[in-house]
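# Structure of the sequence below:
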Amino acid sequence: MKRIMRLLAVSAFVTSLAASPVAFAANGDNDASQPPGTMGGTSGDETPVQYLDDAAITAKVKTAFVVDPDLKARDISVETTQGIVRLMGTVDSQAEKDKAMNTAQKISGVKSLKDDLVVRGAEVSGQ
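Sure thing, here's the model as predicted:
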């Protein structure tokens, strides 16, 4: 019962975020490796219908993360643009990263994934 209540609360929260045009417009594209408007940009390439589809995909991915006890959903951010899902944040292990990627890939409507997840501890090992 506790899990169902948590799922309902998260779903309501995610839905309210996804329906906010201000959140989408303020998002922007901070990834210089992508052409403008390809990942979260506001170039106008995305139609209102596509925006709603992307919001639904984002909500489904976030919900799948919340209900999975092996994933720390609060540490993983999700953006969707034109069916491309970008996962960002920090995870505890490579296994958690793989699980997040596999879970997102299984969601209906996901065309491809962009992996910007960092494994804790791995970000300092390369220095």
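
# CA only for contacts and neighbour counts going forward, please
Noted.

# Could you say which helix or strand holds residue 49?
helix 48-67 (DSSP states H and E).

# Could you give me the buried positions within that helix?
By neighbour count with 16 or more other Cα atoms under 10 Å, helix 48-67 contains the buried residues 51, 53-67.

# Tell me which of those has the lowest pLDDT.
Across the buried residues of helix 48-67, the bottom pLDDT score, 91, is held by residue 51.

# close enough to count as contact, residue 57 and residue 80?
Yes: with contact defined as Cα atoms under 8 Å, residue 57 counts as touching residue 80 (7.0 Å).

# got the residue ranges for the strands in this protein?
For the chain, strands defined by DSSP state E occupy the ranges 76-81, 84-91, 112-119.

# Summarise which helices and strands the helix holding residue 49 is packed against.
Counting contacts by 3 or more Cα pairs under 8 Å, 6 or more residues apart in numbering; DSSP states H and E, helix 48-67 is packed against helix 2-18, strand 76-81, helix 94-105.

# any idea which of these scores lowest on pLDDT?
When those are compared by mean pLDDT, helix 2-18 comes last with a mean of 56.

# Can you give me every residue that contacts the residue nearest to residue 113 when sequence neighbours are not counted?
Distances taken as Cα to Cα, 6 or more residues apart in numbering place residue 85 nearest to residue 113, at 4.8 Å, with adjacent residues excluded. Going by Cα atoms under 8 Å, 6 or more residues apart in numbering, residue 85 touches 58, 78, 79, 104, 110, 111, 112, 113, 114.

# Let me know whether the third one touches residue 104 as I believe.
No: taking Cα under 8 Å as the contact criterion, residue 79 and residue 104 are not neighbours in contact, 11.3 Å apart.

# any idea how far residue 104 is from the residue nearest to residue 66 when sequence neighbours are not counted?
Nearest non-adjacent residue to residue 66, counting by Cα to Cα, 6+ apart: residue 73, 5.3 Å away. Taking Cα to Cα, to the nearest Å as the measure, residue 73 falls 12 Å from residue 104.

# Of those two, which one has the most company?
A direct count of neighbours by other Cα atoms under 10 Å for residue 73 and residue 104 places residue 104 higher, at 24 against 20.

# what's near enough to touch the residue nearest to that one when sequence neighbours are not counted?
In space, and not counting its chain neighbours, residue 104 is closest to residue 61: 5.6 Å by Cα to Cα, 6+ apart. Residues near residue 61 by Cα under 8 Å, 6+ apart: 78, 103, 104, 107.

# If anything else comes up later, I'll come back, but that's it for now.
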